[in-house]
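> only geometry, no sequence info:
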C-alpha cells in the first residue's frame with residue numbers, strides 16, 4: 001500500500017498491523033509468540049510490555065534471540081515496517097498514526113502504567129480500523145481492556161491468551177470481560193492464528 005492510497009481502498013481485505021500487550025510473565029509469552037511468527041511476517045508488530053523504568057532494558061536483545069524477526073525499541077517518528085517488532089521503551093507510551101509513524105509520549109500514567117496497552121490499542125483502532133489485530137497476553141491488572149474494546153468497535157480483530165494458560169490471568173481476563181475478543185487461545189496457538197489472518201486476507 002503506498003502512502004497516497006486511501007486507507008479505505010484496502011481496509012476490508014488486508015490486515016496491516018499487529019499489536020501485543022503483556023505484563024507479568026510477558027517476556028516468556030512474547031518469546032513463544034514471536035518465535036513462532038516466522039521471520040517473513042508481512043506486517044509490523046507493536047509491543048507494550050510493562051517494564052521497570054528504573055533499569056536499562058534488555059528486552060529487545062532477549063526477544064531477538066527467540067525470533068527471526070527484527071526486534072528493536074521503538075523510536076520517535078520512525079515508520080513501522082513489515083517483519084519488525086517495535087517494543088515500547090520503559091516509561092514511554094507508544095502510539096501509532098494512520099501513516100504507520102510511531103510516536104512516543106511521557107504523558108500521564110494510564111491505570112498506573114506507562115507504557116499503556118490501552119493507549120496503543122486506541123491509537124491502533126483510530127489509525128487502522130478493520131486492518132488492526134490486537135492481542136492481550138499474560139499480565140496483572142486491566143491494561144488493554146479499554147483498548148481492545150476500541151479495536152473491536154472500529155472493526156479490528158482481537159485475540160486473548162486463554163486465562164487458564166496464562167501465567168498471570170488478570171489482563172486476558174479483563175479483555176475477555178469486554179465481550180470484544182474474537183479468539184481465546186492457548187499461548188502456543190496464537191502465532192498460527194495471527195499468521196493465518198495476515199496471510200489469508202491477502203489472497
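Received, thanks. As the structure is a prediction and not an experimental result, all values here were calculated from the model. Residues are numbered from 1 along each chain as shown.
> Which positions in stretch 172-190 come out as buried?
Neighbour counts over stretch 172-190 (16 or more other CB atoms under 10 Å) mark 172-176, 178, 180-185, 187, 190 as buried. Every C-beta, even on glycine, is put in place using the N, C-alpha and C of the backbone.
> The residues you listed in strands, which ones?
183-185 (DSSP state E).
> would you list those in CSV and tack on distance to residue 134 and pLDDT?
As requested, those are exported to CSV (distance: CB to CB, whole Å; pLDDT from 0 to 100):
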residue, distance to residue 134, pLDDT
183, 11, 98
184, 13, 98
185, 14, 98
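> which residues are contacting the top helix by length along the chain?
When the chain is parsed with DSSP state H, its longest helix is helix 187-200. With contacts defined as CB atoms under 8 Å, 6 or more residues apart in numbering, helix 187-200 is touched by 15, 18, 29, 32-38, 41-43, 133, 135, 137-138, 157, 159, 161-162, 165-166, 183, 185.
> redo that, cut-off 7 Å
15, 18, 29, 32-33, 36-38, 41-43, 133, 135, 157, 159, 161, 165, 183, 185 (CB atoms under 7 Å, 6 or more residues apart in numbering).
> hmm, back to that, going by distance to residue 108, which of the buried residues of stretch 172-190 wins?
Top of the list for closeness to residue 108, among the buried residues of stretch 172-190 and by CB to CB, is residue 174 at 20.2 Å.
> Would you mind listing the buried residues in stretch 155-166?
156-163, 165-166.
> nope, stretch 13-28 is what I meant
When burial is assessed from 16+ other CB under 10 Å, stretch 13-28 yields the following buried residues: 15-27.
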